[in-house]
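K.L.:
Quick check, what structure comes out for this input:
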Amino acid sequence: MSDWESFSGSYRAGEVSFLLRRLPQQGFVDVAEKEALIQSGRRHYSQMLSPESKPSERYMRLFDEACRANNARMARDCLRLAQLIAARPQHRLALVSLARAGTPVGVVVARLLRELFGRDVTHYSVSIVRDRGIDAAALRHILARGHAADSIVFLDGWTGKGVIARELAASVEVFNVRHGTHIDAGLHVLSDLAGASACAASCDDYLIPSSILNATVSGLVSRTVMSEDMRSDDFHGCVFYEQFAEVDRSQAFADELVRLALAQSGALPRAEPIDAAAARERSQTYIGGAMRRYGVADVNLVKPGIGEATRVLLRRVPRLVVLRDPAAAEVAHLAVLAEEKQVPVETDPHLPYHAVSLIRSASDG
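P.N.:
Purely as a prediction, here's the structure:
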């Protein structure tokens, strides 16, 4: 871990400690080439990054509209998560957000735990990769900093199909066996579409504003990557997009959510358990039906929910976007992205989510 030094991205010092190696901005792979390499099995998605670009003014107006419409709800859900986490007996907590969708949530929840519940909280953001697991070097670092295993709480933004929640559970189990620890792998999220989390504020597919931007709402940090020169004790890597500082919304977005959450804190009812079983059944039924309907052989090519659908349009090669209601404000940004990328849009009024994106199969040419 000699190549790593603590950094907080574009957040204030103390808001988050990214346990990631900063990599040079080079060796980027074009999106189409990356997709072909992933689907052919020649390279894993975690080994490649495509370059990010500065969001257009048109797209940023959509982000601002999304914030006006949905920040109060996201703030309330962050407050619910903080309330649920504060019920744990440990006074000193290590919040571990999954970079990068979980990072803004972690920044807000950590502040609420300190300011409302008086907890001693340290917030780390670490990498987890499908088929590769949680960054074990990062977990070892957190334990070495004196955090008890039972003080660790994992956070993310949402679940789509529950893949990352299951990856977290499996890889933390392996870590616990190897290191003789008892870390709880339960994932805490704002919206659990798959019914796969340990704790969620809701199971609703609503527009979480931070889901529609990349680095400029996540501390200017890229998606995480496992570079080919990694040693066993290295953290996973990232690129820091400091050139986007003038359009960065990371700190301002978190500050606004904290302000809104504190304003609601006196009237928040006690959090009720969500119906995870119903969400899980809904997810499994839809995924199976969609694979049959669209002739999809690989479940990884189906991305349900606004957050996952947006990710496909931002950094994969989309085949199709399916919307329940194209006129809904929640999907306005998806309509813009689909238009810009010339992706077909289909309407399905019976869709159990606001949106679903399908990734183009390499076999489709």
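K.L.:
Please make it C-alpha for all contacts and neighbour counts, starting now.
P.N.:
Noted.
K.L.:
which residues are contacting the helix or strand bottoming out on mean pLDDT in the chain?
P.N.:
In the chain, no helix or strand scores lower on mean pLDDT, DSSP states H and E than helix 31-40, which sits at a mean of 75. Here helix 31-40 makes contact (Cα atoms under 8 Å, 6 or more residues apart in numbering) with 43-45, 48, 50, 315-317, 361-362.
K.L.:
In that helix, which residues are buried?
P.N.:
31, 34-39 (16 or more other Cα atoms under 10 Å).
K.L.:
chain center to the very next helix or strand once past that helix: distance?
P.N.:
Going down the chain from helix 31-40, the next helix or strand is helix 57-86, by DSSP states H and E. Mean-position distance between helix 57-86 and its chain equals 14 Å (Cα atoms, centre = their mean, to the nearest Å).
K.L.:
Give me the buried stretch members for helix 57-86, please.
P.N.:
59-60, 62-63, 65-67, 69-86.
K.L.:
How about stretch 141-155?
P.N.:
142, 148-155.
K.L.:
Tally up the residues packed near the closest residue to E173 other than its chain neighbours, please.
P.N.:
In this structure, E173 finds its nearest non-sequential neighbour in A185, 7.6 Å apart by Cα to Cα, 6 or more residues apart in numbering. A total of 21 residues lie near A185 under the criterion other Cα atoms under 10 Å.
K.L.:
In three-state terms, label A185 for me.
P.N.:
Using DSSP: H, G, I helix; E, B strand; the rest coil, the structure places A185 in coil.
K.L.:
Over to it: give its phi and psi.
P.N.:
phi -90, psi 10 (degrees, to the nearest 10).
K.L.:
OK, contacts around it?
P.N.:
153-154, 168-169, 172-173.
K.L.:
where does it land on pLDDT?
P.N.:
Per-residue pLDDT puts A185 at 97.
K.L.:
now do P269
P.N.:
The model's pLDDT for P269 equals 62.
K.L.:
and if you look at the one 10 residues further on?
P.N.:
In this model, A279 is scored at 93, pLDDT.
K.L.:
what separates it from G160, distance-wise?
P.N.:
A279 sits 11 Å away from G160, going by Cα to Cα, to the nearest Å.
K.L.:
before we move on, the earlier item: how about the contacts of A185, which pair is most distant?
P.N.:
Maximum pairwise distance among the contacts of A185 (Cα to Cα): 14.7 Å, between V153 and E173.
K.L.:
Now the residue nearest to S10 when sequence neighbours are not counted: phi and psi?
P.N.:
Distances taken as Cα to Cα, 6+ apart place G219 nearest to S10, at 4.5 Å, with adjacent residues excluded. G219 has phi and psi values of phi 80, psi 20 when expressed as degrees, to the nearest 10.
K.L.:
What segments of the stretch 101-250 of the chain are helices?
P.N.:
For the stretch 101-250 of the chain, applying DSSP state H, counting those that start in this stretch gives helices covering 102-115, 136-144, 163-179, 250-264.
K.L.:
out of those helices, deepest packed?
P.N.:
Comparing the helices of the stretch 101-250 of the chain by mean neighbour count (mean count of other Cα atoms under 10 Å), helix 102-115 ranks first with a mean of 25.
K.L.:
What lies in contact with stretch 280-292?
P.N.:
161, 193-196, 296-297, 299, 302, 352.
K.L.:
Where strands are concerned, which of those count?
P.N.:
V302 (DSSP state E).
K.L.:
Tell me the buried residues within the contacts of stretch 280-292.
P.N.:
With burial judged by 16+ other Cα under 10 Å, the buried subset of the contacts of stretch 280-292 is 161, 193-196, 296, 302, 352.
K.L.:
can you tell me how far the residue nearest the centre of the chain sits from R92?
P.N.:
Nearest residue to the geometric centre of the chain (Cα atoms, centre = their mean): A101, 2.4 Å. The gap separating A101 from R92 is 24 Å, by Cα to Cα.
K.L.:
Next, count neighbours for D229.
P.N.:
For D229, using other Cα under 10 Å, the count is 7.
K.L.:
same deal with the one 5 residues further on?
P.N.:
Taking other Cα under 10 Å as the criterion, the count of residues near D234 is 21.
K.L.:
Pretty sure it sits against A137.
P.N.:
Yes - with contact defined as Cα atoms under 8 Å, D234 reaches A137; the gap is 6.3 Å.
K.L.:
hang on, the earlier thing: I'd like the buried residues of helix 31-40 written out as JSON lines, with distance to R114 added.
P.N.:
Converted to JSON lines, these look like this (distance: Cα to Cα, whole Å):
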{"residue": "V31", "distance to R114": "41"}
{"residue": "K34", "distance to R114": "42"}
{"residue": "E35", "distance to R114": "42"}
{"residue": "A36", "distance to R114": "46"}
{"residue": "L37", "distance to R114": "44"}
{"residue": "I38", "distance to R114": "42"}
{"residue": "Q39", "distance to R114": "44"}
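K.L.:
Before I go, just wanted to say thanks for your time.
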